[in-house]
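Peer 1: Could you look at this predicted model? Sequence included:
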Amino acid sequence: MKKLIGFFDAINEDYLKTVGKYGLFRISFYTWYVIVKWGRLSSKLEKYLGQAENILIDAFKIATEKYLNDGDYLWLYGYLISVFPEHFLSVYSDYLKAEYTGKQMLNVASQMQYTLAIIFNEKFLEKDVLENGKKDLENMLDKSTEAYDYFIRRIQ
């Protein structure tokens, strides 16, 4: 828990602006995951919920400015937004608008033939597509992380 608190304390908007694409995506995923799993993690972390939400939204806004038409961006944020749109209400102001936006991001990534979007949007199960998706995940999220494991469990 101390590592997580240290993680939250070390990240601010200036730091997020200096992080590379995949670093930004990892930070977004971890803050989203912590927010989603909040009740199960620890009641001691409750005071950090607002901080985690701010980090997620700041990372999302920066990623949007830099990577709007990128397949990785469209897939990752499309997934995060469509699964839990309530965590993006400060950006979209309406649950249904956020959910729709997330699904549209996945649709655009699918139309780009982005492997992960095809898998997550259509539950596509052809072996070569799954293998390509696993490779994309390894590149984006680092094979030995919880983020990678989370998405691999969704694929399988």
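Peer 2: Structure's in. What do you need?

Peer 1: how much distance is there from the biggest helix by length in the chain to the middle of the chain?
Peer 2: Among the segments of the chain that qualify as a helix by DSSP state H, the longest is helix 49-67. The chain centre lies 10 Å from the centre of helix 49-67; the measure is Cα atoms, centre = their mean, to the nearest Å.

Peer 1: tell me which residues in the helix or strand just after that helix are buried?
Peer 2: On the C-terminal side of helix 49-67, the nearest following helix or strand under DSSP states H and E is helix 71-83. For helix 71-83, a neighbour-count test (16 or more other Cβ atoms under 10 Å) marks 71-82 as buried. In short, each C-beta sits where N, CA and C put it, glycine included.

Peer 1: Contacts for helix 71-83, please.
Peer 2: Contacting residues not belonging to helix 71-83 are listed as 21-22, 25, 28-29, 32, 60, 63-64, 67, 87-88, 98-99, 101-106, 108-109, 112, 114, 116-117, 120, 136, 140 [Cβ atoms under 8 Å, 6 or more residues apart in numbering].

Peer 1: Next: stretch 2-14.
Peer 2: 27, 30, 34, 45, 48, 51-52, 55, 58, 62.

Peer 1: same deal with stretch 112-129?
Peer 2: Applying Cβ under 8 Å, 6+ apart, the external contacts of stretch 112-129 come out as 71-72, 74-75, 78-79, 106-107, 109-110, 130, 132-133, 136-137, 151, 154-155.

Peer 1: Would you point out the helix or strand in this protein whose mean pLDDT is lowest?
Peer 2: When the helices and strands of the chain are scored by mean pLDDT, DSSP states H and E, helix 38-41 comes last with a mean of 58.

Peer 1: Enumerate every residue touching Gly133.
Peer 2: 115-116, 118-119, 155.

Peer 1: Please, a PyMOL command that selects the buried ones among those?
Peer 2: Per 16+ other Cβ under 10 Å, the buried members of the contacts of Gly133 correspond to this PyMOL selection:
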select buried, resi 115+116+118+119+155
